[in-house]
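1. Whatever this is, show me its structure:
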Amino acid sequence: MENEEHGHSESKDEIIKIYSEFMLRITKFEELVSIGSRLLLGFHQALEVQTCHIGLKDHMNKAKIVMNELENLLDDAASIVQTAKEKYEDINHNLDSVITSSDKEEVPLSDLSTPKVTDYATMMAIIYSMVKQDYTMQVRIASSLNLKSSPGELETYCQMWSLRPFVDDDIMHRAWSLVPKPRSSYKYRTN
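-> Now for the predicted structure:
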């Protein structure tokens, strides 16, 4: 049983590490969204249109890189979940045979508990889906911009970019609550 717990602990440690990296990339994407919003606003206000247009193209290239990194991290998380699931199924099979072979022996409930590896992976998948839709919207906006875009069209693009209709703030807050707090070696002292 000790090896099983160690395996679950390793899986959880791995997923937490990947999840933290994933959320770090989400922060990077959020920063890019903010920069892109300013560039789009500059384009809308006809301030240095060429510079803003080039900046948006650069923004989209950087955002694409972040999206690829997020997708790779999501794949890593899926692999960990699959491995943990396979280990858990083996444990369940072994547990079933132990229970059927000895009717009088009780198995403590704590031995049946599983780490919440799937919680992290599920949250990553949900966030990735939202951010991917947001990114797709940004790509469409950036690719449809030109000097002939009407002021109304540009205003709509600016609103869509800033409203981010595909990103649910409540889910993002829950996602951030799953990020482990760093352990500090400093202890607060009271006088």
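2. can you tell me the helix or strand for Met160?
-> helix 151-163 (DSSP states H and E).
3. Which strands or helices does that helix pack on?
-> For helix 151-163, the packing partners by 3 or more C-beta pairs under 8 Å, 6 or more residues apart in numbering; DSSP states H and E come out as helix 2-44, helix 117-144. For every residue, glycine as well, the C-beta is placed using N, CA and C.
4. redo that, cut-off 6 Å
-> helix 2-44 (3 or more C-beta pairs under 6 Å, 6 or more residues apart in numbering; DSSP states H and E).
5. any weak-confidence spans in this structure?
-> 1-8, 47, 87-115, 183-191 (pLDDT under 70).
6. What residues sit buried inside stretch 128-141?
-> Buried positions in stretch 128-141, judged by neighbour count with 16 or more other C-beta atoms under 10 Å: 128, 130-131, 134-135, 137-138, 141.
7. Is it possible to get JSON lines of those residues that adds distance to Val179?
-> Converted to JSON lines, those look like this (distance: C-beta to C-beta, whole Å):
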{"residue": "Tyr128", "distance to Val179": "16"}
{"residue": "Met130", "distance to Val179": "17"}
{"residue": "Val131", "distance to Val179": "16"}
{"residue": "Asp134", "distance to Val179": "20"}
{"residue": "Tyr135", "distance to Val179": "21"}
{"residue": "Met137", "distance to Val179": "26"}
{"residue": "Gln138", "distance to Val179": "25"}
{"residue": "Ile141", "distance to Val179": "30"}
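8. ok, of the residues you listed, which one's closest to Ile65?
-> Tyr135 (11.2 Å; C-beta to C-beta).
9. Tell me who's in contact with the closest one.
-> Residues in contact with Tyr135 (C-beta atoms under 6 Å, 6 or more residues apart in numbering) are 63, 67.
10. Can you get me a residue count around the nearest residue to Ala142 once chain neighbours are set aside?
-> Using C-beta to C-beta, 6 or more residues apart in numbering and skipping the chain neighbours, the partner closest in space to Ala142 is Leu56 (4.8 Å). By other C-beta atoms under 10 Å, 21 other residues sit near Leu56.
11. Surely Val66 touches Leu24?
-> No. Using C-beta atoms under 6 Å, Val66 is not in contact with Leu24; the gap is 10.1 Å.
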